[in-house]
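Asker: Show me how the following folds:
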Amino acid sequence: MGTKRSRKRAPRPDYGPSELRTRHRVVREHRVDGEGRIVKGGRVMTQWPLDRYLARKLISEKQWEAGDKLRRAYQMAGLEPQIVARYSDMVSGGLPLPGSPFYQERRVRAHEAFWRALDGVGFAVQGILWFVVCCGDMAGEWAARRELSKDVALPFLRLALDGLRQHYRI
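Answerer: Down below sits the predicted model:
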């Protein structure tokens with residue numbers, strides 16, 4: 001009879017923990033490694049700095065929740081940079097005029113809620129919230145642009161997120 005050859009089993013594809021997959025969009029992909037083998041894996045497409053800070057346990061779950069709520073209001077209000085400008089925004093000062101195809105009550109409410117939240121935390125910490133939560137940049141970059149030590153960036157972000165958490169009553 002023939003001899004049985006032992007075959008090496010290919011490692012299982014790594015798509016990350018299920019917790020990561022429920023919070024973020026993970027794209028399954030195949031790539032070729034340095035030795036010419038096809039490797040299956042996943043790549044996170046929707047991860048923000050707050051998500052990384054939470055995964056590294058640098059902020060609490062409640063701080064993340066408050067920051068995520070602010071980011072969702074920012075996106076819902078349509079405040080993200082646009083590739084093509086809307087002329088109705090120029091006339092109305094940023095909000096679409098009633099009757100225009102872009103006018104939605106929820107967008108207007110999200111716009112007001114976003115600015116109320118920023119006003120609620122105070123002027124001193126609005127900058128880091130805008131920079132990290134809305135723009136998606138790291139807290140260390142925020143500190144470097146203001147010529148501050150990177151050691152103060154995360155405590156300052158935590159302070160800002162705590163103020164946001166109190167505003168949202170989380």
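Asker: avg pLDDT for stretch 154-170?
Answerer: Averaged across stretch 154-170, pLDDT comes to 93.
Asker: what's next to it, contact-wise?
Answerer: Residues outside stretch 154-170 that contact it (Cβ atoms under 8 Å, 6 or more residues apart in numbering): 53, 58-59, 62-67, 69-70, 116-117, 120-122, 125-126, 128-129, 132, 139, 143. Where C-beta positions appear, they are placed from N, C-alpha and C, glycine not excepted.
Asker: Could you pull up the residues touching residue 64?
Answerer: By Cβ under 8 Å, 6+ apart, the contact list for residue 64 reads 50, 51, 53, 54, 161.
Asker: Can you name the two of these that sit furthest apart?
Answerer: Maximum pairwise distance in the contacts of residue 64, criterion Cβ to Cβ, is 13.3 Å, between 51 and 161.
Asker: who's more crowded, the two?
Answerer: residue 161 (28 against 18; other Cβ atoms under 10 Å).
Asker: Can you point out the helix or strand that includes the residue nearest to the more buried one when sequence neighbours are not counted?
Answerer: Take residue 161 and drop its neighbours on the chain: the residue closest to it by Cβ to Cβ, 6 or more residues apart in numbering is residue 63, 3.8 Å away. Element membership for residue 63, per DSSP states H and E: helix 61-76.
Asker: Please enumerate the strands of this structure.
Answerer: 26-32, 38-44 (DSSP state E).
Asker: okay, the first one in PDB with CA atoms only?
Answerer: Spelled out, it's strand 26-32. The C-alpha trace of strand 26-32 is given here as PDB (Å, rounded to 0.1, in the frame of the first residue of the first chain):
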ATOM      1  CA  VAL A  26     -13.400  44.200   7.800                       C
ATOM      2  CA  VAL A  27     -12.600  43.400   4.200                       C
ATOM      3  CA  ARG A  28     -11.400  39.900   3.500                       C
ATOM      4  CA  GLU A  29      -8.400  39.900   1.200                       C
ATOM      5  CA  HIS A  30      -5.800  37.600  -0.300                       C
ATOM      6  CA  ARG A  31      -2.300  38.900  -0.700                       C
ATOM      7  CA  VAL A  32       1.100  37.300  -1.600                       C
END
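Asker: care to break the chain down by domain?
Answerer: The chain breaks down into these domains under automatic domain parsing: 11-46, 49-168.
Asker: so of these, which one's packed in deepest?
Answerer: domain 49-168 (a mean of 16; mean count of other Cβ atoms under 10 Å).
Asker: now do the same end-to-end measure for that one.
Answerer: Using Cα to Cα, to the nearest Å, the end-to-end distance of domain 49-168 comes to 20 Å.
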